[in-house]
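Enquirer: Build me a model:
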Amino acid sequence: MDIGKVVIYEHVYDLVVTLPNSEFKTGLTMGIRSASSEQCKAIMRRHTNEQANLNRAKQKRITAETLEHNELEQTAASIAWWRWGKDDDGNEANYNGIKPDLNMTIAIQILGEVNWLYAQVKEAGSNLENFMPKTLNGSGPISVSSSSTTPPVTKTVEPVANVTKLSA
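Expert: Alright, predicted model coming up:
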């Protein structure tokens, strides 16, 4: 077994957002990257470097607000795209009456204000099963033929109707 292919960190998982403790689909679907993807690790490295530089310079201490913002930014970085559709009752999904384009600022704002959504995004990006080929665990979302030596990897998602990509 090639242990380097057990988890495909650059795969984008389709998260169908549901209400908390419910199967009711909200109409929002998100493409979620692994928390261990290169995009997410780049944000984590930037935060670590910023904190190290502050510690070295002894200019100021990191605040709880900064740590919270960093956590939200790391989770927002896992959102590759989102699509606003209709919920299970046929109503259009929206945030405060609009279907915002996806960018880091908007993603951080929404995740910071909608805690249950933050929890779903964080969990989806941290759940390794979402990034495993079906051939390894029988339930993963990625189909990889047994003859394939290179599993399919999604690095970018092309925009389609009502889909917006996150730009860092």
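Enquirer: now for the longest helix anywhere in the chain, which elements pack on it?
Expert: As assigned by DSSP state H, the longest helix anywhere in the chain is helix 38-57. Counting contacts by 3 or more Cβ pairs under 8 Å, 6 or more residues apart in numbering; DSSP states H and E, helix 38-57 is packed against helix 64-76. Yep, even glycine has a C-beta here, placed from its N, CA and C like the rest.
Enquirer: element containing the residue lying closest to residue 78 once chain neighbours are set aside?
Expert: In this structure, residue 78 finds its nearest non-sequential neighbour in residue 125, 3.8 Å apart by Cβ to Cβ, 6 or more residues apart in numbering. Assigned by DSSP states H and E, residue 125 belongs to helix 115-126.
Enquirer: could you dump that helix to PDB, C-alpha only?
Expert: C-alpha atoms of helix 115-126 as PDB (Å, rounded to 0.1, in the frame of the first residue of the first chain):
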ATOM      1  CA  ASN A 115     -21.200  29.500  14.500                       C
ATOM      2  CA  TRP A 116     -23.100  26.400  13.500                       C
ATOM      3  CA  LEU A 117     -21.900  26.900   9.900                       C
ATOM      4  CA  TYR A 118     -18.300  27.400  11.100                       C
ATOM      5  CA  ALA A 119     -18.600  24.100  13.000                       C
ATOM      6  CA  GLN A 120     -19.700  22.200   9.800                       C
ATOM      7  CA  VAL A 121     -17.000  23.700   7.600                       C
ATOM      8  CA  LYS A 122     -14.300  23.100  10.300                       C
ATOM      9  CA  GLU A 123     -15.500  19.500  10.700                       C
ATOM     10  CA  ALA A 124     -15.700  18.800   7.000                       C
ATOM     11  CA  GLY A 125     -12.100  20.100   6.400                       C
ATOM     12  CA  SER A 126     -10.800  18.100   9.300                       C
END
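Enquirer: Can you give me the distance of the closest residue to residue 70 other than its chain neighbours to residue 54?
Expert: Residue nearest to residue 70 in three dimensions, not counting chain neighbours: residue 47, with 4.6 Å by Cβ to Cβ, 6+ apart. Residue 47 is 11 Å from residue 54, where distance means Cβ to Cβ, to the nearest Å.
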